[in-house]
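Student: One predicted model, sequence on top.
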Amino acid sequence: MPPANRLCALALLVLMPLASAVQAGELARIVAAADLRFAMDELLEQFRATYPERPVEVIYGSSGRFRAQIEHGAPFDLFFSADIAYPHALQASGLVHGEVVPYALGRLVLWSDREDASALSLGDLTDARFRRIAIANPRHAPYGARAQEALEASGLWDELEPRLVYGDNIMHALQLVQSGAAEIGIVALALAKSPVVVAQGDYYLIDDSLHQPLHQGFVLTRRAAGNTTAQAFVDFIGRPESREIMQRYGFVLPEEE
């Protein structure tokens, strides 16, 4: 092969991976409150089908823990928080790109796979058959903090606190009931409305006047300023089909409050 041709071939070999990387799109790393576990999975399934060239990863967990991790430099691009106060705190620290966007209002429910929870109320938790009651940890999980507020407002916290078992996040609280570690739990409506969970047990919707609202919000982190995949996902979740998914899981959208 003549030297000129060899040079062209070498240039192509060097440029091909770069072209592929551009075509594939930059990876977007999402962290999301655990109440989004089922709804977000559906959203991501639709997003990947629509944009197969745009890779996304998601981790579910406690909003408070994610806030702390982002403050310590964790490489996340999008943060969906069950408490909008956490993204606002990151914004105040200069750790975000753009504005905090409210995306939903969450609701609390009683749920059990051993009892017909739809026939219960918070007052029934004092019954001796509920030896262990699961909630998310109030120290760093917004749903746990609101569960504590609801129990306190109902005058039940002091009596029930010795029976509480704590999940690291709201999905973990649900799993404590499913595994038999608790007879009943205070969990997210968005989890209780998942087809898998609906097949296991019913729920009782807790009066939202008993606790502060679960205003939820998302934000792009500072490291995502040039991440086109992250921005594409932000645009995607505003579409009617994405909003329908959120509504199906019991989320109240901002303009519906």
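Tutor: Ah, there it is. Only a predicted model underlies this, so the values are computations on that prediction, with no experimental measurement involved.
Student: what's the spacing between the residue nearest to T50 when sequence neighbours are not counted and A230?
Tutor: Leaving aside its sequence neighbours, T50 sits nearest to F236 (CB to CB, 6 or more residues apart in numbering; 7.1 Å). C-beta coordinates here come from the backbone N, C-alpha and C atoms, glycine included. Look at F236 and A230: by CB to CB, to the nearest Å, they are 11 Å apart.
Student: same question, A182
Tutor: 37 Å.
Student: still on that earlier bit, need the contact list for the residue nearest to T50.
Tutor: L43, Q46, F47, T50, Y51, S242 (CB atoms under 8 Å, 6 or more residues apart in numbering).
Student: From those, which land in helices?
Tutor: Secondary structure from DSSP state H places L43, Q46, F47, T50, S242 of the contacts of F236 in helices.
Student: neighbours of the third one, just the number please.
Tutor: When counting by other CB atoms under 10 Å, one arrives at 21 neighbours for F47.
Student: Who are the contact partners of it?
Tutor: By CB under 8 Å, 6+ apart, the contact list for F47 reads R54, V56, A232, F233, F236.
Student: Apply 6 Å and report the result again.
Tutor: By CB atoms under 6 Å, 6 or more residues apart in numbering, the contact list for F47 reads F236.
Student: From I133, how far out is it?
Tutor: 36 Å.
Student: Pull out the buried residues from whichever strand or helix holds A68.
Tutor: Per DSSP states H and E: A68 is located in helix 63-71. Using 16 or more other CB atoms under 10 Å as the test for burial, helix 63-71 gives S63, G64, R65, F66, R67, Q69, I70.
Student: Which SSE is immediately downstream of that helix?
Tutor: The element immediately downstream of helix 63-71 (helix or strand, assigned by DSSP H and E) is strand 78-81.
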